[in-house]
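*Asks:* A structural model of the following input is requested.
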Amino acid sequence: MSMEVNRQELKARARERLRASHPAFWKITLVYLLLTSGVTAVADLAGAARIGLPPLHLDTFALFLSLLVILYTTVMHLGYQWWALRTYRQQPTGYGALIDGFSMAGRVILMNVVIFFSALGWAVAFALPYSLVLFLLSGLVSSGVGMQFFSLLAMGGAFLGSLWIGYRYAMAPYLLIDHPELGASAAVRESVAMMKGWKWEFCKLDLSFLGWHLINALLSLAVTLVFALPMLPTLMEAGTDLAQLLVTPSLALPWTAVLLSSLIQLPLSLWLTPYQTVTFSGFYQARVMQSTQVPPVWERSDPYDVS
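*Replies:* Alright, predicted model coming up:
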C-alpha cells in the first residue's frame with residue numbers, strides 16, 4: 001500500500017468542516033488567542049514592570065511567571081486541538097472545549113515533559129556524531145566561504161533533524177484526547193508507532209501551509225520596519241542588536257508598534273490557525289481509520305470522510 005496523503009482533499013475537507021462549524025471558527029480562535037497570546041503578553045508586561053527590583057527577585061519572579069504561563073498555554077493548546085478534532089468529526093462543540101484540557105491537565109503536562117526529554121535524547125544522539133563529522137570536515141577547509149558553507153550545512157541538518165524528531169510525537173495530543181485512560185507515556189509511544197513511515201507525508205502537509213505563515217511574517221516585519229527605520233540611528237547608538245530587533249521587536253520598539261504588529265497579523269491568523277489545526281486533526285483521523293479498517297481507508301474513494 002502506498003503511504004501517501006491526498007493533501008488537497010484533506011485540506012478541502014478541513015475547509016468544509018470550518019465553514020460548517022458553530023460557533024464560527026474565527027470566534028473560537030479569537031477567544032483562544034486572547035486566552036493564550038493575550039495572557040502571555042500581560043505576563044510579559046507584569047515581568048517588565050518589576051525591572052526596578054533587585055536582580056535576584058526579578059529573576060525568580062520572571063522564572064516562576066514564565067513557567068506558569070508555559071504550563072497554562074500548553075493545556076490551553078490541547079483544548080484547542082480538542083475543539084479542532086471535534087470540528088473535523090462534526091461533533092457538537094463550543095467555547096467550553098478550549099478549557100477541556102484542564103480536566104486532565106496533569107496528563108497533558110506529563111505528556112509534554114515526556115516528549116521534551118524524548119526529543120532531547122534524540123537531539124543529543126543526532127547532534128554528537130553530526131557535529132563531529134562537521135568539525136572534522138571544517139578542519140580541512142581554511143577559507144571563509146568554506147566555513148560559511150559548513151555553518152549553513154549544520155543549520156540545515158539541525159532543522160531537518162528537529163522536524164524528524166518533532167513529527168514523531170505529532171499525534172500524541174490527539175491520542176491522549178481519544179484515550180486519556182492510557183496515560184501520557186502510552187500516547188507518546190502510540191504516536192511514534194502511528195508516525196512510523198508517515199513523517200514525510202506529515203512534513204509535506206505541514207510545509208503546504210508555509211506560504212501563509214510567510215505572508216503573516218512579512219506583514220509583521222513591514223510594521224516593525226515602519227517604526228524601526230526612523231529610530232535606526234538611536235538604536236544603533238544604543239548598541240541594539242538589529243537582527244534581534246526584527247525577531248523580538250518588543251525589546252526596543254514602543255508598545256504601540258508591537259501591538260500594531262500583532263493586530264495586522266490577526267485577520268490571517270483567525271483563518272490560518274484553525275485551518276491548519278483542523279487539517280492536522282484530519283490527518284490523525286485518517287491514520288486512525290487506516291490503522292483499524294479493512295480494506296485500508298487510504299484505498300477508499302473518500303478516506304477523510306468520517307460522517
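*Asks:* what about Trp122, distance to Arg17?
*Replies:* Per Cβ to Cβ, to the nearest Å, Trp122 is found 33 Å from Arg17. Quick note: C-beta positions are derived from backbone N, CA and C, even for glycine.
*Asks:* now do Val75
*Replies:* Distance, Val75 to Arg17, by Cβ to Cβ: 24 Å.
*Asks:* between those two, which one's more packed in?
*Replies:* Legend: neighbour count by other Cβ atoms under 10 Å for Val75 and Arg17, higher for Arg17 (25 against 21).
*Asks:* for the helix or strand where the more buried one lies, report the contacting residues that lie outside it.
*Replies:* Per DSSP states H and E: Arg17 is located in helix 7-19. Applying Cβ atoms under 8 Å, 6 or more residues apart in numbering, the external contacts of helix 7-19 come out as 25, 87-88, 90, 204-205, 208, 274-275, 278-279, 281-283, 286, 302, 304-305.
*Asks:* wait, Asn112 sits on Thr73?
*Replies:* No: using Cβ atoms under 8 Å as the test, Asn112 is too far from Thr73 to be in contact (10.7 Å).
*Asks:* okay, now Ser103: neighbour count?
*Replies:* That count, for Ser103 with other Cβ under 10 Å as the rule, works out to 12.
*Asks:* next: Leu78.
*Replies:* Leu78: 26 neighbours (other Cβ under 10 Å).
*Asks:* isn't it up against Gly101?
*Replies:* Yes: in this structure, Leu78 is within contact of Gly101 by Cβ under 8 Å, at 3.9 Å.
*Asks:* shared neighbours of the two, anything?
*Replies:* Val108.
*Asks:* show the contacting residues for Met76.
*Replies:* Here Met76 is in contact with Tyr32, Leu35, Thr36, Leu98, Ile99, Gly101 (criterion: Cβ under 8 Å, 6+ apart).
*Asks:* helices - which of those residues land there?
*Replies:* Members of the contacts of Met76 lying in helices (criterion: DSSP state H): Tyr32.
*Asks:* out of the contacts of Met76, who's nearest Pro173?
*Replies:* Among the contacts of Met76, Gly101 lies closest to Pro173 (Cβ to Cβ), at 9.0 Å.
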